[in-house]
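*Asks:* sequence isn't available, so here's the structure alone:
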Ligand SMILES: [Zn+2]
């Protein structure tokens, strides 16, 4: 399956989720016993990371064998089926949060450490970062959706981790993904960036906001730009998306053509907004800025939106 190229960290997940197979609990249980199966241990939202095998190499996501966690599985640790790789090897994730740090004692001691995904993502293989993001988002959903939102009964995991069922009122609950629009408004040779009060000084980024119920992506882009920066746009174009497991969002990257350069930051979400020229942003991306403007690193979709625009007509 060839998809358009996506420049974003956490996209391009290589696993086949085989949703038609994971509905079969016996098949999933058999895959967990497959000697070629991998399982990603996570602890309090952090994936298990192995240090570089040799000096100069990169750290790796710590895929282990499911048999190492038989006790934790027996005690009820949440296990999630992630998918099959190109060799049909199954991948799982397990949430060990109920235990003391398993990297400090037990089977994982001495192998590596649980590490914040955001900080390690730029260093690990892109495909593994995407798999870790998938695990993080769904396991977080399980940890925060233990009870039925219709009747309050404790729900149980179903469909290899992609559903929770209420044993009392029989409501089925599915993992949520929260859509967020992030957009680069442009006018001629300028792009609009904004900064939040709490950000590091001189850090500016594309504006963003949650899509609200009953709203199209285009409407959300136009609304957020108008609300946060007083910027009116008439054209919205899709660029790319980024799975963003903080905790379970999908960043929808867009560009938008502004009607003019009138702006008025709301002073709440956006403390300051400014139009930046293509030449200025090109220098910033090349590390040649004068220090008065910084943009997010390549890890962030905002960076990719800015880079794409700068390079498009340069
Ligand atoms: Zn219920």
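*Replies:* Cool, got the structure. Predicted, not measured: the structure shown is a model, and the values here were computed from it.
*Asks:* geometric centre of this structure: which residue is closest?
*Replies:* residue 244 (1.9 Å; Cα atoms, centre = their mean).
*Asks:* my guess is that residue contacts residue 253, does it?
*Replies:* No: with contacts defined as Cβ atoms under 8 Å, residue 244 does not count as touching residue 253, sitting 10.7 Å away. (C-beta placed from N, C-alpha, C; glycine too.)
*Asks:* ramachandran coordinates for residue 138?
*Replies:* Listed backbone geometry of residue 138 is phi -70, psi -40, with angles given as degrees, to the nearest 10.
*Asks:* and it, how many residues sit next to it?
*Replies:* Burial of residue 138, expressed as a neighbour count using other Cβ atoms under 10 Å, amounts to 23.
*Asks:* show the contacting residues for it.
*Replies:* With Cβ atoms under 8 Å, 6 or more residues apart in numbering as the criterion, the residues that contact residue 138 are 80, 93, 161-162, 175, 248.
*Asks:* got JSON lines for those, with pLDDT too?
*Replies:* Below are those laid out as JSON lines (pLDDT from 0 to 100):
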{"residue": "80", "pLDDT": "97"}
{"residue": "93", "pLDDT": "98"}
{"residue": "161", "pLDDT": "97"}
{"residue": "162", "pLDDT": "97"}
{"residue": "175", "pLDDT": "97"}
{"residue": "248", "pLDDT": "95"}
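*Asks:* so which of those belong to strands?
*Replies:* Counting by DSSP state E, the part of the contacts of residue 138 found in strands is 80, 93.
*Asks:* all helices for the stretch 201-314 of the chain, in order.
*Replies:* When assigned using DSSP state H, counting those that start in this stretch, the helices of the stretch 201-314 of the chain occupy the ranges 217-229, 278-285, 301-312.
*Asks:* please report how far the nearest residue to residue 69 once chain neighbours are set aside lies from the ion.
*Replies:* Excluding its sequence neighbours, the residue lying closest to residue 69 (Cβ to Cβ, 6 or more residues apart in numbering) is residue 94, at 5.5 Å. Applying Cβ to the ion, to the nearest Å, the value for residue 94 to the ion is 26 Å.
*Asks:* is it true that residue 94 touches residue 75?
*Replies:* No: shown here, residue 94 and residue 75 do not form a contact pair, counting by Cβ under 8 Å, at 11.1 Å.
*Asks:* please say which of the two ends up with more neighbours.
*Replies:* Between residue 94 and residue 75, counted using other Cβ under 10 Å, the more crowded position is residue 94 (25 against 11).
*Asks:* which residues touch that one?
*Replies:* Contact analysis of residue 94 by Cβ under 8 Å, 6+ apart lists 39-42, 66, 69, 72-73, 77-80.
*Asks:* now the helices of the stretch 201-314 of the chain as a markdown table including mean pLDDT?
*Replies:* Listed next are the helices of the stretch 201-314 of the chain as a markdown table, based on pLDDT from 0 to 100:
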| stretch | mean pLDDT |
| --- | --- |
| helix 217-229 | 98 |
| helix 278-285 | 96 |
| helix 301-312 | 96 |
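*Asks:* list the residues that contact both of residue 244 and residue 253?
*Replies:* The contact lists of residue 244 and residue 253 share residue 301, where a contact means Cβ under 8 Å, 6+ apart.
*Asks:* quick revisit: turn the helices of the stretch 201-314 of the chain into TSV, columns for mean neighbour count and distance to the ion.
*Replies:* Putting these into TSV (neighbours: other Cβ atoms under 10 Å; distance: least, Cβ to the ion, whole Å) gives the following:
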stretch	mean neighbour count	distance to the ion
helix 217-229	20	31
helix 278-285	18	51
helix 301-312	20	37
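*Asks:* I'd like those helices as TSV, with distance to residue 240 appended.
*Replies:* What follows is those, written out as TSV (distance: least, Cβ to Cβ, whole Å):
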stretch	distance to residue 240
helix 217-229	13
helix 278-285	17
helix 301-312	7
